[in-house]
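One predicted model, sequence on top.
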Amino acid sequence: MSGVIEKVKTGIPGFDDLLYGGIPKRNIVLLSGGPGTGKTIFSQQYLYYGLVNGEPAVLVALEEHPVQIRRNMASFGWDVRRFEEEGKFAIVDAFTGGIGEAAKRERYVVKSVDDVSELIDVVRQAIRESKAERVVIDSVSTLYLTKPAMARGVLMQLKRVLAGLGATSIFVSQVSVTERGFGGPGVEHAVDGIVRLDLDEVDGELVRSLVIWKMRGTKHDMRRRPFDITDKGVVVYSNKVVKLKGIFYRVEEGGSSEQ
Ligand SMILES: Nc1ncnc2c1ncn2[C@@H]1O[C@H](COP(=O)(O)OP(=O)(O)OP(=O)(O)O)[C@@H](O)[C@H]1O
């Protein structure tokens, strides 16, 4: 239907309210943040929610061994094995380079991540075979860490393939603790959405918060919202706001996501 933008629910408690329903279909969302801010957990939760609701998914692993990923996901109760067996979930192993016994059991392996065209071919195959509607790349930063000038080109190639195949995607972007940006200008302008996860010290305690910086195709919440990571994953408090006071943040009641 023209004029109506279909939304993809992330299933992350509290987060979809901030997007008035979810991520616009086929968007590429940059999930940016410093170390330990929850990017991996957030993106895996997004995939698992799709799986249990009948939407196949692909996870492109550049930072962790696929065996470790399955184990970590299971620790939150997200057992992806049965979906892999049914051909509805695929991990693209772009971590091991095909080296090691465990890697030999992986179905989708990228031998060299320096070769973006090889990566794209394997990702395309995994998406086609699983009919994936949700894709996560964890992390895209790994693809251009040593060659920042290539970042935009790499991103645009991936974006064309993923949106062309109809997938709604999260690209994890690693930034340093002090960096205010989201992963470099080439990247930030190329993507359709930017969500930033933060971890800040407030009164001697680390507080997690997020902001939706941009999201093409929908209106979205503009406040900094606190969130927690629990045994069941990420929970966003869409009716609370984290305020910056000078150089400090403070958690307060109020500021509902409904306008
Ligand atoms: N079961 C749990 N309950 C509460 N918090 C947890 C649990 N498991 C992990 N965490 C928190 O999540 C953090 C790791 O989250 P995650 O791996 O998603 O971060 P990340 O942003 O991907 O980090 P990096 O960029 O360093 O890989 C841990 O540092 C810890 O604080």
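Yes, it's here. Keep in mind that what you see is a predicted model, and the values were worked out from it rather than measured. Residues are numbered from 1 along each chain as shown.

got the contact list for V123?
Shown in contact with V123 (C-beta atoms under 8 Å, 6 or more residues apart in numbering): V58, V60, V92, V135, L158, V161, L162. Placement of C-beta: from N, CA and C, glycine included.

okay, now the fifth one: neighbour count?
Each residue near L158 was counted by other C-beta atoms under 10 Å, and the total is 23.

nearest to R82, of the contacts of V123?
V58 (16.1 Å; C-beta to C-beta).

what is the residue nearest to M215 when sequence neighbours are not counted paired to in the beta sheet?
In space, and not counting its chain neighbours, M215 is closest to G193: 4.2 Å by C-beta to C-beta, 6 or more residues apart in numbering. Assessed by DSSP bridges, G193 has beta-bridge partners V29, M215.

which intervals of the protein have sub-threshold pLDDT?
Low-confidence segments of the chain, defined by pLDDT under 70: 1-3, 244-249, 258-259.

can you map out the helices along the chain?
Under the criterion DSSP state H, helices of the chain are mapped to 15-18, 39-52, 66-75, 81-85, 101-104, 116-130, 141-144, 151-164, 185-190.

of all those helices, which lies closest to the ligand?
Closest approach to the ligand among the helices of the chain (C-beta to the nearest ligand atom): helix 39-52, 3.3 Å.

just how off-centre is the closest one within its chain?
8 Å (C-alpha atoms, centre = their mean, to the nearest Å).

Which other helices and strands does it contact?
With contacts taken as 3 or more C-beta pairs under 8 Å, 6 or more residues apart in numbering; DSSP states H and E, helix 39-52 sits against strand 28-33, strand 57-61, helix 66-75, strand 134-138, strand 168-174, strand 233-236.

Please repeat the previous calculation with a cut-off of 7 Å.
If contacts are counted by 3 or more C-beta pairs under 7 Å, 6 or more residues apart in numbering; DSSP states H and E, helix 39-52 sits against strand 28-33, strand 57-61, strand 134-138, strand 168-174, strand 233-236.

now the first one against helix 151-164, angle please.
For strand 28-33 and helix 151-164, the angle between their directions (axes from the mean of the first three to the mean of the last three C-alpha atoms, to 10 degrees) works out to 130 degrees.

Can you give the distance from strand 28-33 to the centre of its chain?
In this view, strand 28-33 has its centroid 6 Å away from the chain centroid, taken as C-alpha atoms, centre = their mean.

May I see the contacts of V123 arranged in TSV, with distance to the ligand as well?
Formatted as TSV, the contacts of V123 follow (distance: C-beta to the nearest ligand atom, whole Å):
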residue	distance to the ligand
V58	18
V60	14
V92	17
V135	17
L158	19
V161	24
L162	20
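
Can you name the residues of the stretch 51-200 of the chain that neighbour the ligand?
Q174 (C-beta under 6 Å from any ligand atom).

Nearest to the ligand: which residue in the stretch 51-200 of the chain?
Q174 (5.0 Å).

thought T10 was touching G21?
No: between T10 and G21 there is no contact under C-beta atoms under 7 Å: 10.0 Å.

So for those two, which sits in the more crowded spot?
Taking other C-beta under 10 Å, T10 and G21 do not tie; T10 has more neighbours (27 against 14).

The more buried one and G153, how far apart?
28 Å (C-beta to C-beta, to the nearest Å).

returning to what we had before: relative to V175, how far out is the residue nearest to M215?
Per C-beta to C-beta, G193 is found 16 Å from V175.

Point me to the residue of the stretch 101-250 of the chain nearest the ligand.
For the stretch 101-250 of the chain, C-beta to the nearest ligand atom, closest residue to the ligand: I229, 3.7 Å.

ok, for that residue, nearest residue in space, not its chain neighbours?
Excluding its sequence neighbours, the residue lying closest to I229 (C-beta to C-beta, 6+ apart) is G38, at 5.3 Å.

So that neighbour is in contact with V234, correct?
Yes: counting by C-beta under 7 Å, G38 does reach V234; the two are 6.0 Å apart.

more crowded one of those two?
Remark: of G38 and V234, V234 carries more neighbours, 24 against 20, as counted by other C-beta under 10 Å.

Please consider this matter closed, and thank you.
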